[in-house]
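A.B. asks: My questions concern the predicted model and sequence given below.
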Amino acid sequence: MNALPPKRIGLVAAWGRYPVLVAELLKAQGFDTYCLGVAGHADRAALEPIVADFRWIGLGKLGGAIRYFRRHSVSQATMAGKFHKKMLFHPWLAFRHLPDWTTIRTFYPHLGSTRADRKDDTLLTTLVNAFGTGGITFGPATDYAPELLVKFGQLTRRGPSAAQRKDIEFGWQLAREMGRLDVGQSVAVKDRAVLAVEALEGTDECVRRAGTLCRSGEFTVVKVAKPQQDMRFDVPTIGRGTLESLAAAGGRVLAIEAGKTIVVDQPEVIELADRLKLVIVAVDEATALAGIDGAGEAA
């Protein structure tokens with residue numbers, strides 16, 4: 001009996017360790033992964049040994065990305081990692097990235113005129129739709145790596161105090177509303193006062209700003225998925241860097257959404273959180289708004 005040909009999949013890899021974990025899991029499932037590493041974002045040294053082929057791709061080379069996947073007979077793809085959106089506001093953006101015609105045609109309403117907005121969902125939906133027009137369908141990376149999504153419960157040895165539970169409830173409602181507006185995914189609160197709201201800068205910078213505004217520390221960060229979350233992109237993600245930023249800023253509690261948040265290298269993250277005397281809980285809307293009374297019992 002002839003062996004079945006290897007399954008092929010495309011991977012657009014942006015910043016962080018998450019794309020590396022996705023590539024490892026795809027390889028373990030028998031996929032030949034054709035990887036486009038976003039220039040200035042991806043970790044080539046970690047990705048190249050895992051994937052069938054690796055190529056750098058510039059932010060302005062959408063047409064080249066589509067041609068690369070089609071040349072390798074890739075019709076299914078996924079993306080993982082963070083895009084540094086602040087790059088969109090660098091001076092002389094077009095000259096820095098020399099966009100190809102497909103990029104210009106696709107993104108001109110957003111980047112070259114004022115006809116359309118630059119929200120995360122808008123830009124990323126436009127991106128995956130352009131790939132779809134080119135014959136490449138994008139699916140959620142979590143379909144191939146569901147084990148990376150955090151399960152409900154208290155993850156650390158320490159759990160939240162009664163006051164911190166109230167802050168989680170307060171912060172959850174704010175974070176969900178900010179997500180609904182596609183502003184950001186995280187808020188920092190203390191004693192039911194808002195310290196910082198994530199926007200373009202990302203979670204770590206939001207946490208650092210909260211630390212400068214709350215010198216007494218002991219604040220809570222709540223990070224949730226958008227109510228309209230498209231799991232193909234911009235899925236909430238935490239890792240060691242998030243915890244290091246939280247501890248350095250004087251924060252104490254991190255509440256994340258169960259089933260919709262990626263925890264990169266979870267055993268190491270929990271070990272670090274315990275060492276830093278932090279609290280991490282993964283909650284859902286019902287438990288967050290009920291004071292997470294049951295979260296402490298879940299493992």
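C.D. replies: Alright, I've got the coordinates.
A.B. asks: What ranges does this protein have for its strands?
C.D. replies: Counting by DSSP state E, the chain has strands at residues 7-13, 31-38, 53-57, 76-80, 137-138, 153-154, 186-190, 193-197, 220-223, 237-238, 253-257, 262-263, 279-283.
A.B. asks: Could you export those strands to CSV, including columns for distance to G179, mean neighbour count and mean pLDDT?
C.D. replies: Every C-beta, even on glycine, is put in place using the N, C-alpha and C of the backbone. Output for the strands of the chain, formatted as CSV (distance: least, C-beta to C-beta, whole Å; neighbours: other C-beta atoms under 10 Å; pLDDT from 0 to 100):
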stretch, distance to G179, mean neighbour count, mean pLDDT
strand 7-13, 23, 23, 97
strand 31-38, 24, 22, 97
strand 53-57, 29, 16, 96
strand 76-80, 19, 23, 97
strand 137-138, 21, 16, 96
strand 153-154, 22, 20, 96
strand 186-190, 9, 28, 97
strand 193-197, 11, 18, 97
strand 220-223, 10, 28, 98
strand 237-238, 14, 22, 95
strand 253-257, 10, 27, 98
strand 262-263, 16, 22, 96
strand 279-283, 15, 26, 97
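A.B. asks: lowest confidence element among the helices and strands of the protein?
C.D. replies: Using mean pLDDT, DSSP states H and E, helix 93-97 stands out as the lowest-scoring helix or strand of the chain, at a mean of 50.
A.B. asks: circling back: which one of the strands of the chain lies closest to T103?
C.D. replies: Relative to T103, the nearest member of the strands of the chain by C-beta to C-beta is strand 53-57, separated by 10.8 Å.
A.B. asks: Show me what the closest one is packed against.
C.D. replies: With contacts defined as 3 or more C-beta pairs under 8 Å, 6 or more residues apart in numbering; DSSP states H and E, the packing partners of strand 53-57 are strand 31-38, helix 44-47, helix 62-71.
A.B. asks: Identify all contacting residues around the shortest one.
C.D. replies: Counting by C-beta atoms under 8 Å, 6 or more residues apart in numbering, helix 44-47 makes contact with 13, 17, 19-20, 23, 35, 37, 54, 56, all of which sit outside it.
A.B. asks: what comes up buried for that helix?
C.D. replies: Buried positions in helix 44-47, judged by neighbour count with 16 or more other C-beta atoms under 10 Å: L47.
A.B. asks: model confidence over it, on average?
C.D. replies: Taken as a whole, helix 44-47 carries a mean pLDDT of 98.
A.B. asks: still on that earlier bit, looking at the helices and strands packed on strand 53-57, which is nearest to T203?
C.D. replies: strand 31-38 (19.2 Å).
A.B. asks: now for the closest one, which elements pack on it?
C.D. replies: Strand 31-38 packs on strand 7-13, helix 18-28, helix 44-47, strand 53-57, helix 62-71, going by 3+ C-beta pairs under 8 Å, 6+ apart.
A.B. asks: Now render these as CSV, adding distance to D265.
C.D. replies: Listed next are the helices and strands packed on strand 31-38 as CSV, based on distance: least, C-beta to C-beta, whole Å:
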stretch, distance to D265
strand 7-13, 17
helix 18-28, 8
helix 44-47, 13
strand 53-57, 22
helix 62-71, 28
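A.B. asks: Let me know which of those is the nearest to G139.
C.D. replies: For G139, the closest of the helices and strands packed on strand 31-38 is strand 7-13, at 9.0 Å, according to C-beta to C-beta.
A.B. asks: and the angle from the closest one to helix 62-71?
C.D. replies: Orientation of strand 7-13 against helix 62-71 (axes from the mean of the first three to the mean of the last three C-alpha atoms, to 10 degrees) gives an angle of 160 degrees.
A.B. asks: Quick one: residues contacting the closest residue to P227 other than its chain neighbours.
C.D. replies: The shortest distance from P227 to any non-neighbouring residue, by C-beta to C-beta, 6 or more residues apart in numbering, is to R180 (5.1 Å). Applying C-beta under 8 Å, 6+ apart, we find R180 in contact with 226-228.
A.B. asks: Nearest to A249, out of those: which one, please.
C.D. replies: Closest approach between the contacts of R180 and A249, by C-beta to C-beta: K226, at 24.1 Å.
A.B. asks: ok, so what distance separates the closest one from T106?
C.D. replies: Taking C-beta to C-beta, to the nearest Å as the measure, K226 falls 23 Å from T106.
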